[in-house]
Structures are given as structure tokens and as C-alpha cells.
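# requesting a structural model of the entry that follows:
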Amino acid sequence: MRKISNYIVVLVSFTVFFNVNIWAQNEEESEDKMTLFQGIKIEVDVFSAVMSAINRETYSFEGNVQLNLREKYFPIVELGFAGANKTSINDYNFKTDGFFVRMGMDYNLLKPNVPDTRIHRYFFIGGRYGFSPFSYDITNVVIDNGYWGGSEVRNFYGVTTTKHWLEVVAGLRVEVLRNIYMGWNVRLKMQLGSEKYGEISPWFIPGIGIQSVGNWGFGYTIGYKF
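This next block holds a predicted model:
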């Protein structure tokens with residue numbers, strides 16, 4: 001009786017193992033048959049648009065275009081326009097606006113979606129290189145004279161600069177309706193280089209935001225896959 005039980009256990013185990021191997025092999029074959037180009041997706045960031053409507057000092061609007069390569073690799077270009085109009089507690093004013101560009105790639109950490117997958121989803125991590133050429137005004141700046149005493153008001157108009165930065169991005173995308181995707185992303189932005197000698201540092205940088213050593217960003221997008 002014990003030998004028969006052992007035989008049944010071995011037979012069932014072999015059957016399960018065989019079926020799992022066949023399923024895994026079929027999945028791998030489906031991925032191998034997948035063509036390189038799996039579509040192109042256009043997205044807009046609705047979170048930045050909502051925050052721009054709420055915040056009276058800064059605004060930002062952006063979108064992106066990305067390629068889908070084997071449901072695994074996603075080269076991407078992000079374009080946007082941002083600006084700020086801020087008056088400080090010392091009554092000096094900072095004003096700017098300009099375009100920004102980010103370029104990079106995302107990598108899908110989940111198993112690639114084969115054509116018959118019911119719900120397509122992606123959990124990705126990626127990197128970006130960004131830059132923004134822009135100009136800004138800083139007005140009503142009070143400069144104290146520590147030697148002679150007194151102070152004077154200075155205005156700086158049309159200060160031009162170009163800022164560069166790197167980003168680490170992570171996020172999720174889910175197909176909510178056929179070819180319509182929604183999802184979120186978080187990103188850490190790290191500015192490259194340092195201020196030029198004598199340059200007045202901008203309070204706000206299009207594409208980065210309020211300037212600091214490191215900036216965190218959040219986005220919520222809706223897009224369509226062609």
C-alpha cells in the first residue's frame with residue numbers, strides 16, 4: 001500500500017512539473033515571437049496641470065512620447081513648459097518661464113505582457129537626462145553696503161542660463177480601457193554643475209521646480225497607445 005502511495009505521489013509530481021514546464025516554455029516562445037516594436041504611447045501629466053491650477057506661484061504642464069520595445073524597454077522623451085512668479089517676504093520678486101526637455105529610458109520589472117494578456121500593466125524604473133534654457137527676472141533686490149552704510153535697490157532683468165540635471169524614475173502603468181493607460185510616477189532630480197561666478201541663482205528652474213540640492217517630483221498620467 002505504501003509503495004502504491006509513493007508511486008501516486010511521484011506520478012502526480014511529475015505531471016505537475018511537466019505541465020508547468022510546458023506552460024513556461026509556451027510563455028517563453030510567445031515572448032520570443034514578439035516583434036521588437038510594440039507600439040507608441042502619448043501621455044499627458046494631469047497632476048501637474050491640477051497643481052498649476054491650485055498653486056498661484058508656480059505652474060508646469062508636460063507630456064511625453066515613448067516607444068514600446070518588446071514590452072520591456074521604453075525609450076522616452078518628455079516635453080514641458082513651466083514658470084513661476086514669486087514675491088518673497090523681503091519684497092523682492094522672481095519671475096521666469098521656459099521650456100524643458102527630458103530624455104531617457106524605462107525598464108519594465110514585470111514579466112512582459114504577451115498579446116493575449118487581459119490587462120497590460122508595467123512597473124518600471126528608469127533614468128532621465130534633462131535640460132532647460134530659460135531666462136528670469138529678479139527685481140526689487142535690496143543690497144546693503146556694509147562699508148559705507150546705507151542700501152540700494154537693484155533690478156536684474158533677462159538673466160539667461162541653461163540648467164542640466166539627472167533623474168531616477170519609478171512608477172506604474174495600467175491599461176484601464178483598450179489602449180488607454182493611467183498610472184503614477186515618482187522621481188528624484190539631481191542638478192548637474194554649479195552656478196557660474198557672479199550668477200544670481202534662480203529660485204525656480206523649469207523641469208526641476210524650486211531649486212534645492214535634490215528635488216522630488218510626482219506625476220499622474222493618462223495616455224493612449226497607438
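
# could you point out which element follows the lowest-mean-pLDDT helix or strand in the chain?
Comparing every helix and strand of the chain by mean pLDDT, DSSP states H and E singles out helix 2-33 as the least confident one, with a mean of 44. Elements were assigned by DSSP states H and E; along the chain past helix 2-33, the next helix or strand is strand 37-45.

# the next helix or strand after that following strand vs strand 37-45, what angle?
Once the chain leaves strand 37-45, the next helix or strand it forms, by DSSP H and E, is helix 46-54. Angle of helix 46-54 versus strand 37-45, following axes from the mean of the first three to the mean of the last three Cα atoms, to 10 degrees, is 10 degrees.

# hey, where'd the strands end up in the protein?
For the chain, the strands defined by DSSP state E occupy 37-45, 58-69, 73-87, 93-108, 121-144, 151-177, 180-192, 204-205, 209-210, 214-225.

# among those, which comes closest to Val114?
strand 37-45 (10.7 Å; Cβ to Cβ). Quick note: C-beta positions are derived from backbone N, CA and C, even for glycine.

# and the closest one, what does it pack against?
If you count contacts as 3 or more Cβ pairs under 8 Å, 6 or more residues apart in numbering; DSSP states H and E, strand 37-45 packs onto strand 58-69, strand 214-225.

# got a list of contacts for it?
With Cβ atoms under 8 Å, 6 or more residues apart in numbering as the contact definition, strand 37-45 has outside contacts at 61-71, 80, 181, 219-226.

# and that strand, which strands flank it?
Next to strand 37-45 in the sheet, as set by DSSP bridges, lie strand 58-69 (antiparallel), strand 214-225 (antiparallel).

# then it to CSV, C-alphas only?
Included here for strand 37-45 are C-alpha records, laid out as CSV according to Å, rounded to 0.1, in the frame of the first residue of the first chain:
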residue,chain,number,x,y,z
PHE,A,37,8.2,47.3,-32.0
GLN,A,38,5.1,47.0,-29.8
GLY,A,39,3.6,50.5,-30.3
ILE,A,40,4.0,54.1,-29.4
LYS,A,41,2.3,55.9,-26.4
ILE,A,42,1.5,59.5,-25.9
GLU,A,43,0.8,60.7,-22.3
VAL,A,44,-0.1,63.9,-20.5
ASP,A,45,0.6,64.7,-16.8
